[in-house]
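Undergrad: what follows is a predicted protein model with its sequence.
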Amino acid sequence: MTASELTGAAVPPSASADTRSASRRAAAVGLFVLLLVSLAARTSFAVWEFPFSGVRYDDVRTAGGAYWPMHLYLGGPGYAVSWAATAIFVVLLADGRGRVLNLVGALLSGVGGMLFALAITAEVLPFAYAADPAVLPEPEGRLLFDTLNAHLGLTVPAVVGAQIAISVGMLVALVGMLVSKAVPRWLSVAGIVYIVVSAALPAGPYVAASAYVLQVVLLAVIGWYGLRAALDRR
């Protein structure tokens, strides 16, 4: 039994609406903080991780016991949470004629981001076992590394497919934001140009690093405008 039932007093509708509004605003702020934390987590992981051009036995041994936990508890969750949170903010920005595009873009990028996080985490587990001397002696471990690196193509469809889904989803969402004017025009245009140029540029460590930094900034800014949209709603 509530206090209003005990006293016979009715809760004013405005008070109930204010409570719900405050809860939604707190949830939006919490989601934005979670987005920033996840972006920081995945960036820390990206700096820690050695360049991925095949996994080398000596590199994994040097990482020691941190190799698998860094993927399982930092890198994987960082990517998964950042894309899920961004997808929610894209939905919050859905408005007017661009609403459907935002919703489709959020679905593609959110699902793609989750698949990407799962794929890059799952593919390193065999290497973690192969480099553990408690599991395999070094000669057998190195041999297994050669075998695993020769068959990395098994995970390529999941990783590449997820990246395509993310890129297409964000492109569609940014077009939706441009149509509905849910964010400043410069942000939509800059995001669209970034995605198109990133897809056209040749692969390379400096290009990849620059594209990654720009992606993190783009997601944080989209989250910021999504937060503002949520806070402005009554």
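TA: Cool, the structure landed.
Undergrad: what's the longest helix in this structure?
TA: Of all segments of type helix in the chain, defined using DSSP state H, the longest is helix 13-48.
Undergrad: mind listing residues that contact the helix or strand following that helix?
TA: Secondary structure here is assigned by DSSP states H and E; on that basis, the next helix or strand after helix 13-48 toward the C-terminus is helix 57-63. If you take Cβ atoms under 8 Å, 6 or more residues apart in numbering as the criterion, helix 57-63 is touched by 50, 67, 70, 127-128, 130-131, 138, 141-142, 145. Using the backbone N, CA and C atoms, a C-beta is placed for each residue, glycine as well.
Undergrad: buried among these? Need that as a selection in PyMOL.
TA: Selecting in PyMOL just the buried members of the contacts of helix 57-63, where the criterion is 16 or more other Cβ atoms under 10 Å, is done with this command:
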select buried, resi 67+70+127+128+130+131+141+142+145
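Undergrad: low-confidence regions, the chain specifically.
TA: Counting by pLDDT under 70, the chain shows low-confidence ranges at 1-18, 50-54, 234.
Undergrad: which residues of it fall in strands?
TA: Secondary structure of the chain by DSSP state E: no strands are present.
Undergrad: would you map the helices across it?
TA: Under the criterion DSSP H, the chain contains helices at 3-7, 13-48, 57-63, 67-69, 76-92, 99-122, 125-130, 138-150, 156-180, 185-200, 205-232.
Undergrad: now, of these, which is deepest in the fold?
TA: Counting by mean count of other Cβ atoms under 10 Å, helix 76-92 has the highest mean neighbour count of these, with a mean of 23.
Undergrad: what angle sits between that one and helix 156-180?
TA: 30 degrees (axes from the mean of the first three to the mean of the last three Cα atoms, to 10 degrees).
Undergrad: so which elements touch helix 76-92?
TA: For helix 76-92, the elements it packs on are helix 13-48, helix 99-122, helix 156-180, helix 205-232, judged by 3 or more Cβ pairs under 8 Å, 6 or more residues apart in numbering; DSSP states H and E.
Undergrad: could you dump those helices to JSON lines with distance to residue 92?
TA: Written out in JSON lines, the entries for the helices and strands packed on helix 76-92 read as follows (distance: least, Cβ to Cβ, whole Å):
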{"stretch": "helix 13-48", "distance to residue 92": "7"}
{"stretch": "helix 99-122", "distance to residue 92": "9"}
{"stretch": "helix 156-180", "distance to residue 92": "11"}
{"stretch": "helix 205-232", "distance to residue 92": "5"}
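Undergrad: residue contacts, residue 116?
TA: Each residue near residue 116 by Cβ under 8 Å, 6+ apart is listed here: 79, 83, 158-159, 162-163, 166.
Undergrad: among these, which two are most distant?
TA: The distance between the two most remote of the contacts of residue 116 (Cβ to Cβ) is 14.7 Å, for 83 and 158.
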